[in-house]
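K.L.:
The following comprises the amino acid sequence and a computationally predicted model.
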Amino acid sequence: MESSSVVGALLANKWTALVLGTLSRRPHRFGELRRAVGGISQKMLPQNLRALERDGLVTRTVFPTTPPTVEYALTERGSSASTLLMAVSEWSVANFDGILESRKGYDSRVMEPVG
């Protein structure tokens, strides 16, 4: 598999974007991260966190408390990925109306009868 497809698939995952965006503000414990990332299931959050940790975007720190406290934070790589995702998000918001207008114009031209 090509390296750009692997990284592209990782960053295109909606949960990745939401988790990185949430952690960009500050480290979170598992429960507060789950509450902050609305809609993610009890199964999907740990899967995504493991994948992000495996790829070096997130660190997992276990504190010796009873019960153990686990905190997730961005690595330097995770922080740079979060910055890129925020830029894409800002571009999307800034260009949303224009894209809708372009689609309307295109669709009206395609729907016109030929001849």
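P.N.:
Cool, the structure landed. Residues are numbered from 1 along each chain as shown.

K.L.:
any idea where the strands of this protein begin and end?
P.N.:
28-29, 58-63, 69-74 (DSSP state E).

K.L.:
CSV for these, including mean neighbour count, mean pLDDT and distance to residue 47?
P.N.:
Using the backbone N, CA and C atoms, a C-beta is placed for each residue, glycine as well. What follows is those, written out as CSV (neighbours: other C-beta atoms under 10 Å; pLDDT from 0 to 100; distance: least, C-beta to C-beta, whole Å):
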stretch, mean neighbour count, mean pLDDT, distance to residue 47
strand 28-29, 16, 96, 17
strand 58-63, 13, 96, 13
strand 69-74, 17, 96, 13
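
K.L.:
so can I have CSV of those strands showing distance to residue 45?
P.N.:
Formatted as CSV, these follow (distance: least, C-beta to C-beta, whole Å):
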stretch, distance to residue 45
strand 28-29, 11
strand 58-63, 12
strand 69-74, 10
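
K.L.:
Residue 20: which of those is closest?
P.N.:
strand 69-74 (6.8 Å; C-beta to C-beta).

K.L.:
can you map out the helices along the chain?
P.N.:
Along the chain, the stretches classed as helices by DSSP state H are 3-12, 14-23, 30-36, 44-54, 76-111.
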